[in-house]
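>>> Compute the structure for the input listed below.
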Amino acid sequence: MQWSLILLFLMAQCCFIDCQLYQFHYINENKNWTEAQQYCREKHTDLATVTNMKDMKRLNNISAGDQSEAWIGLYDPTNGTRTWFWSLPGVEFNESETNWEKGEPWDDWNSNCGILWPDAKWSIVHCRYPALFLCYDDMNTTHKYHLIEERKTWLEAQSYCREKHTDLISGTKQLQEAENMMNASGFIDYWRKPIYIGLFSNTWRWSDGSGFSFEPWYLQFDYQPNRGQCAVTVFDDEGRWRNENCTERKPFICYSDDNVILIKENKTWEDALTYCRDHHHDLVTITNMDDQRWMQEKVKNASTDYVWTGLRYTCTLDLWFWVSDEVVIYKNWAKGELMDDCDMSGAMETGGRHQWRKKNDSETFNFFCSKD
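Residues are numbered from 1 along each chain as shown. Okay, the predicted model is just below:
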């Protein structure tokens, strides 16, 4: 009974917290894109990077009301040269291991997502095309691949796979394994529709160098090839983005990530907790996939193989919890890491998949502090 009351209290606390790891700042000064980038890097962190639909809505509500658009941190340094990627972090696209249909990928700026046909050949389609899709699940050793027989856009499919499993199927090894599985089960005999895989292309980059695969053209991007290589967000009901000439002068949106800071000092978990509470606020809490993907970008600058988070195991209550008193609802554990041991805390991998690992409190790593 006592434990039930504690759990209810913690869940109630979690429902009222909406901590943002980064903030947007609307700057109502007219500058060209390069000048806006320099201003943001000097005064904040960089021009705005957008990672999810929540950010899109935040951008759309941020203007002072007297401007129709503003620069964001999206630009095309490639002048339209297409580069292909896999959705699953850590899986590199290898041009020598492709299986394109004859004539693919064809030159269509609006078609940036990959589909798989029953003959195992790849094609490209517009990312808003609704299709079935294949998820990969590295936590399930007996059933790694899941065909989802619901039609979704590529971005919706990616979000579904990341929430329910691990990610969209990515890389030639996974595709071969999935094909073998479907052949063995006889499923491939009646599979006659194209399905999404985790293949997408991109010519655009974010100013801060982050590798977020959230792409505007999957949503509402008003693009004209000869108009320019820098992007603005348009303040209207649709929240569209548009490419413009980078020399035009416009207001702009910066972001700052000073709500979280990477401490490049090697400390035990308890010493890291004490440091954060003495100098900032607390060890960082990760409550959703958006926070996780944001932290994955920042963790690449660490000098240790893992970084401490605010994740802690208590033997008394037999559960994992965040030191901010939030319940562990969103999880990103590596396979085999859920066995419970005393004197253990949670750390994030600084490479590979950036998954969570349990580590002995006495080990020393870099760590992230939150500031409020």
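
>>> Please, which helix or strand holds Ala36?
Assigned by DSSP states H and E, Ala36 belongs to helix 33-43.

>>> got the CA coordinates for that helix in PDB?
Only the C-alpha atoms of helix 33-43 are listed here, as PDB (Å, rounded to 0.1, in the frame of the first residue of the first chain):
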ATOM      1  CA  TRP A  33      21.500  34.200 -43.000                       C
ATOM      2  CA  THR A  34      25.300  34.300 -42.300                       C
ATOM      3  CA  GLU A  35      25.000  37.300 -40.000                       C
ATOM      4  CA  ALA A  36      22.100  35.700 -38.200                       C
ATOM      5  CA  GLN A  37      24.200  32.600 -37.700                       C
ATOM      6  CA  GLN A  38      27.100  34.600 -36.300                       C
ATOM      7  CA  TYR A  39      24.800  36.500 -33.900                       C
ATOM      8  CA  CYS A  40      23.200  33.300 -32.600                       C
ATOM      9  CA  ARG A  41      26.600  31.700 -32.000                       C
ATOM     10  CA  GLU A  42      27.800  34.700 -30.100                       C
ATOM     11  CA  LYS A  43      24.700  35.400 -28.000                       C
END
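
>>> next SSE after that helix?
strand 46-47.

>>> Summarise which helices and strands that next one is packed against.
Counting contacts by 3 or more C-beta pairs under 8 Å, 6 or more residues apart in numbering; DSSP states H and E, strand 46-47 packs against helix 33-43, strand 69-75, strand 250-256. The way it works is simple: take the backbone N, C-alpha and C, and place the C-beta from them, glycine included.

>>> circling back to that earlier point, for the helix holding Ala36, which positions count as buried?
Judged by neighbour count using 16 or more other C-beta atoms under 10 Å, the buried positions of helix 33-43 are 33, 35-37, 39-40.

>>> now do stretch 351-360
Neighbour count says stretch 351-360 has 353-359 buried, by 16+ other C-beta under 10 Å.

>>> just the residues you listed now: which is nearest Ile253?
Checking the buried residues of stretch 351-360 against Ile253 by C-beta to C-beta gives His354 as the nearest, at 26.7 Å.

>>> need the helices and strands packed on strand 46-47 in a markdown table with mean pLDDT and distance to Tyr313, can you?
As requested, the helices and strands packed on strand 46-47 are exported to a markdown table (pLDDT from 0 to 100; distance: least, C-beta to C-beta, whole Å):
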| stretch | mean pLDDT | distance to Tyr313 |
| --- | --- | --- |
| helix 33-43 | 96 | 40 |
| strand 69-75 | 93 | 38 |
| strand 250-256 | 93 | 33 |
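
>>> Which one, of the ones you listed, ends up nearest to Met56?
strand 69-75 (10.4 Å).

>>> who touches the helix or strand following that closest one?
Later in the chain than strand 69-75, the nearest helix or strand by DSSP H and E is strand 83-86. With C-beta atoms under 8 Å, 6 or more residues apart in numbering as the test, strand 83-86 has contacts from 92-93, 95, 105, 114, 170-171, 198-203, 213.

>>> which residues of the stretch 151-300 of the chain score low on pLDDT?
The model of the stretch 151-300 of the chain has pLDDT under 70 over residues 182-192, 211-223, 225, 238-239.

>>> can you give me the strands in it?
167-168, 195-202, 205-206, 221-222, 230-234, 241-244, 250-256, 260-267, 282-283 (DSSP state E, counting those that start in this stretch).

>>> So for Glu101, which of those strands sits nearest?
strand 195-202 (12.8 Å).

>>> Give me the contacts around that closest one.
In contact with strand 195-202 (C-beta under 8 Å, 6+ apart) are residues 82-88, 91, 93, 105, 112-116, 122, 124, 127, 131-134, 136, 147, 152, 154, 157-158, 161, 167-170, 175, 213, 215.
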